[in-house]
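*Asks:* how would this look folded up:
(2 chains)
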Amino acid sequence: MIRSGGIVVGPVTGKRHVKMRNGGTVVRVAAPVWALVQRFYFLLLILAAVALMLVARMDPVLVDQARARATDAFAPLLSVLARPAAAVANVIETGREILDLYDENARLREENARLQQWQQAALRLEAENKSLRSLLAYRPDPAASFVTARVVGDPGGAFVRTVVLTAGRRDGVQRGQAAMAGQGLIGRVVQVGEWSSRVLLITDINARIPVVLEQSRQRAMLSGDNSDRPKLMYVPRDAQVAVGERVFTSGHGGLFPPGLPVGTVEAVTAEGEVRVSPLVDLSRIEHVQIVDFGGAGGLAAEAVQPGAMQ
Amino acid sequence: MAVGVWHRLDQTARHLLPSASTVLLMLVGMVPMQLPGWSSVAPPLALMSIFYWAVHRPDLLRPSVVFLIGVLQDLLSGTPLGLTPLAFVLSYWLLLTQRRFFLGTSFLVLWYGFALVAFGAGAVQWAVFSLIAVDLLDARPVAMQALLATVLFPIPAALFQRLHRAYLS
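*Replies:* Reported below is the predicted structural model:
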């Protein structure tokens, strides 16, 4: 009190003086720090981005959960946004269908005649199969069950090939299940939220599917590389791979049940690279069937291919 | 008093426009178009939005928000986490240093600026993804994507300009 009375002339001016000096010190200390933060703000954000990448590497489960939550939260919005796009696509499709109605009709007539022959063959084989199985006491695979979902998101970009579906855990979808559209396999479930899920398409750079060729019975690994035509890996040089040969899942590794059609061999280059054309047009999937084969799919398969996505 | 509250609400809503439009465009970009070959070269609509607002109203689209939008995009699209925020923040940085130049009167300059940013962001993403995949990836889809984005840029830019004039001036 004495000192303050001694130094400062008046209480009011003194107060002001002290306040100013305090503000001065705060500014003097904080300003450079703030300037430093400002200066390195972008650097900090960039470091944060790199840190996120490292976290995703170290704890993929946590990141997967975050992805599932975020997808769950935005799936309803995506679903609403996808409606008009689907409607427009439908109108265009209808227009095109009307234009080649005549050709389509002729084609279908021909195909129908051929399929009816196949039906006869299939019925005969089924009966024969049944009788032979009864002789062998063969245990059939458990019947498959389906969950059908709409595609609401196709995030695209140059690096990933995935689609987001409107079915999740509460519909019975599990990680690792096979996703089919129409006749063929399109991928597998890699992320499951409450009411949304994500399918990694067979063309994605991370997709690896054990397959077998129909005629040569040659085993191989179907390996996506983000192009529209995944390639076959681990095909021996002397293997006889014919263009047009059909490709099925082999069931090795327990990832998928054997015998799901995937595509046909499209080209074999001179260097022995085999490209497969998927049965399903992956850019125009509207609905997807998630298939539960009741066998050792799902989590058991995850142990074979852990961390399919970063 | 009531007028003040409404006024402030209105003001906040207007100020949210840049970030909200960016998020919305990002979601629109994820809608399945069912066009063959489209999804691999689908233009990055969010980047266009970030470009426009970072040049015209950087005060309403902070770098931290841009970062968060990038994280959201990574979570939703399944790309490696951290890839998109990195590209977005680097683009934003580049933009802020060259902002005066881009703010020039001519739209051509703005267009040119976007081409730079689009190819730059594509290159960053390509480099990082190649690093993660430990493989030199095919750069053609990225280049095509940037090219398509550059060609289409005037359409969203006109939309942003309308929004900008209608709500933020």
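*Asks:* Surely A:Ser250 is in contact with A:Pro258?
*Replies:* Yes - with contact defined as CB atoms under 8 Å, A:Ser250 and A:Pro258 form a contacting pair (5.7 Å). Placement of C-beta: from N, CA and C, glycine included.
*Asks:* Spell out the residue ranges of the strands in the stretch 51-200 of chain A.
*Replies:* A:145-153, A:162-165, A:178-181, A:184-192, A:197-201 (DSSP state E, counting those that start in this stretch).
*Asks:* now for the helix or strand bottoming out on mean pLDDT in chain B, which elements pack on it?
*Replies:* Least confident element among the helices and strands of chain B, by mean pLDDT, DSSP states H and E: helix B:38-41 (a mean of 79). Helix B:38-41 sits against helix B:140-152, with contacts defined as 3 or more CB pairs under 8 Å, 6 or more residues apart in numbering or on different chains; DSSP states H and E.
*Asks:* How about the helix or strand that comes right after the helix it packs on and chain A, touching?
*Replies:* Sequence order places helix B:154-167 as the next helix or strand after helix B:140-152, per DSSP states H and E. No - applying CB under 8 Å from any CB of the partner chain, one finds helix B:154-167 separated from chain A by no less than 15.9 Å.
*Asks:* Mind giving me the packing neighbours of helix B:154-167?
*Replies:* Short answer (3+ CB pairs under 8 Å, 6+ apart): helix B:154-167 packs on helix B:2-28, helix B:45-56, helix B:107-133.
*Asks:* thought A:Ile209 was touching A:Val247?
*Replies:* No - at 9.3 Å, A:Ile209 does not count as touching A:Val247 under the criterion of CB under 8 Å.
*Asks:* Please say which of those two ends up with more neighbours.
*Replies:* Comparing A:Ile209 with A:Val247 by other CB atoms under 10 Å in any protein chain shown, the one with more neighbours is A:Val247, at 29 against 25.
*Asks:* mind listing what the more buried one touches?
*Replies:* A:Val211, A:Val212, A:Leu213, A:Glu214, A:Leu222, A:Leu232, A:Pro261, A:Val262, A:Gly263, A:Thr264, A:Val265, A:Val276 (CB atoms under 8 Å, 6 or more residues apart in numbering or on different chains).
*Asks:* Quick one: residues contacting the residue nearest the centre of chain A.
*Replies:* Relative to the mean C-alpha position of chain A, the nearest C-alpha, by CA atoms, centre = their mean, is the one of A:Leu200, at 2.2 Å. Contact analysis of A:Leu200 by CB under 8 Å, 6+ apart lists A:Arg161, A:Thr162, A:Gly187, A:Arg188, A:Val189, A:Val190, A:Asn206, A:Ala207, A:Ala308, A:Met309, B:Gly78.
*Asks:* Out of the residues you listed, who's the most crowded?
*Replies:* Neighbour max across these (other CB under 10 Å) = A:Arg161, 30 neighbours.
*Asks:* What distance do you get for it to chain B?
*Replies:* 8 Å (CB to the nearest CB, to the nearest Å).
*Asks:* export the contacts of A:Leu200 to a markdown table and tack on pLDDT?
*Replies:* Listed next are these as a markdown table, based on pLDDT from 0 to 100:
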| residue | pLDDT |
| --- | --- |
| A:Arg161 | 89 |
| A:Thr162 | 91 |
| A:Gly187 | 92 |
| A:Arg188 | 91 |
| A:Val189 | 92 |
| A:Val190 | 91 |
| A:Asn206 | 87 |
| A:Ala207 | 90 |
| A:Ala308 | 42 |
| A:Met309 | 44 |
| B:Gly78 | 86 |
